[in-house]
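**Student:** Here's a sequence, model it:
(2 chains)
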Amino acid sequence: MSCPKSLNASMVEESSQLDEAVAYVAEEGFFASVEPIGQVEWDALCTDHDTWLESSVRFHGPLGGALRCRLPLALARELVSAFLGMETGELPPTDPLVQDLTGELANMVCGRWLTRTQGQVFDLEHPVVESVADGHCAGWSRYAANGVPLAIELAVEGR
Amino acid sequence: MKPLNCLIVDDSSVMRRMVRRTMELSEVPLGQVHEANNGREALDLLATTAVDVLFTDINMPVMNGTELLRALAKQPGAVRARVIISTDGSEARRAEVVGLNVDWYLEKPLRPEVMRDVLSKVAERVHG
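**Tutor:** You can find the predicted model right below:
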């Protein structure tokens, strides 16, 4: 029988590892500064954005689950520009690279988290990217990336 | 110094662009830089094209990176250097490719200085 206290400690540790994975990928891959934020700051940052993207990547292996990223289109364009050494204005909002980058963000954060917390072989499905209506994401981990909102949800099956 | 001919294999167009950009930033002379969406496309290209260094992802549709490297293990002279670039850096995954002539195993996101180091060593190997 599992102990609720140790489960809580484990979940706190996994949350910390998720923060590390998000910060690592953002800083190393996109030269972006990321910090966890609370609800009030999140709500304030979201008011500036009305077009959002969500990417999700499913993983299978010793654990199954999915990781989802939700971010404003403006942040996706900024990150892909940094990633490829372009000016943000060079990239049309509808450029396929913006969607592709949003998927890769989820892919890299998921891979980093699995590598650091599980250390076993997982298969990651191709990321799925879609437009979403807003930044509403109750219960997700929330961050400010270069001062722009970014939310991540990690769902592990069976929990 | 003879420029290096390269092949980037990844199902993500933005990752191929990123790998190509870090290669260009390395200042190592580059020749043809080819791209493929998956292992099958890579094998088709290698059947007709000389490549010095192969960079491949692992998780890809149609034919994944491990299957590609397994096919290439039967052709030791096909490519001078084989490099994996993957989100999965686990020891278990690294153990899967032992014996497949992999020279470097790199994790995404890829840092430009790591690419410069790898390409410099490939150039030394190619040019003796």
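**Student:** can we go C-alpha only for contacts and neighbour counts from here?
**Tutor:** Fine.
**Student:** residue ranges for the strands of chain A, please.
**Tutor:** For chain A, applying DSSP state E gives strands covering A:34-36, A:52-60, A:65-72, A:123-124, A:128-132, A:141-145, A:148-156.
**Student:** B:S12: neighbour count?
**Tutor:** 21 (other CA atoms under 10 Å in any protein chain shown).
**Student:** Could I get the pLDDT score of the residue most central in space within chain B?
**Tutor:** The centroid of chain B falls nearest to B:F55 when counting by CA atoms, centre = their mean (1.2 Å). For B:F55, the pLDDT comes out at 98.
**Student:** need the residues of chain A near chain B, please.
**Tutor:** Contact residues (CA under 8 Å from any CA of the partner chain) of chain A with chain B: A:25, A:28-29, A:83-84, A:97, A:100-101, A:104, A:107-108, A:111-112, A:114-116, A:119-126.
**Student:** For B:S13, find the nearest of the strands of chain A.
**Tutor:** Among the strands of chain A, strand A:128-132 comes nearest to B:S13, with 14.3 Å by CA to CA.
**Student:** Could you spell out the sheet neighbours of that closest one, each with its direction?
**Tutor:** Based on DSSP bridges, the pairing partners of strand A:128-132 within the sheet are strand A:52-60 (antiparallel).
**Student:** The partner strand - what's its average pLDDT?
**Tutor:** For strand A:52-60, mean pLDDT rounds to 96.
**Student:** Return that strand as PDB; C-alpha atoms alone will do.
**Tutor:** The C-alpha coordinates for strand A:52-60 follow below in PDB (Å, rounded to 0.1, in the frame of the first residue of the first chain):
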ATOM      1  CA  TRP A  52      -2.800  30.600 -28.400                       C
ATOM      2  CA  LEU A  53      -1.300  27.300 -29.500                       C
ATOM      3  CA  GLU A  54      -1.200  24.000 -27.700                       C
ATOM      4  CA  SER A  55       1.100  21.100 -28.400                       C
ATOM      5  CA  SER A  56       0.900  17.600 -27.000                       C
ATOM      6  CA  VAL A  57       3.200  14.600 -27.100                       C
ATOM      7  CA  ARG A  58       2.300  11.200 -25.800                       C
ATOM      8  CA  PHE A  59       4.800   8.800 -24.400                       C
ATOM      9  CA  HIS A  60       4.900   5.100 -23.900                       C
END
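**Student:** dump the residue contacts of residue 93.
**Tutor:** All of this refers to chain A. A:P93 sits next to A:73, A:77 when contact means CA atoms under 8 Å, 6 or more residues apart in numbering or on different chains.
**Student:** To clarify, I was referring to chain B.
**Tutor:** A:120-121.
**Student:** from the chain's centre, how far out does the strand or helix carrying it sit?
**Tutor:** If you go by DSSP states H and E, B:R93 is part of helix B:91-96. Computed by CA atoms, centre = their mean, to the nearest Å, the chain-centroid distance of helix B:91-96 equals 17 Å.
**Student:** which residues in chain A form helices?
**Tutor:** A:4-30, A:39-46, A:73-84, A:96-117 (DSSP state H).
**Student:** Make CSV out of those helices and add mean pLDDT, distance to B:R21 and mean neighbour count.
**Tutor:** Converted to CSV, the helices of chain A look like this (pLDDT from 0 to 100; distance: least, CA to CA, whole Å; neighbours: other CA atoms under 10 Å in any protein chain shown):
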stretch, mean pLDDT, distance to B:R21, mean neighbour count
helix A:4-30, 78, 12, 16
helix A:39-46, 94, 32, 14
helix A:73-84, 90, 7, 21
helix A:96-117, 94, 14, 24
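**Student:** of all those, which lies closest to A:H136?
**Tutor:** Closest among the helices of chain A, once you apply CA to CA, is helix A:39-46, at 8.9 Å.
**Student:** That closest one packs against which elements?
**Tutor:** Judged by 3 or more CA pairs under 8 Å, 6 or more residues apart in numbering or on different chains; DSSP states H and E, helix A:39-46 is in contact with strand A:141-145, strand A:148-156.
**Student:** which stretch in the strands of chain A has the least confidence?
**Tutor:** Across the strands of chain A, strand A:123-124 gives the lowest mean pLDDT, at a mean of 91.
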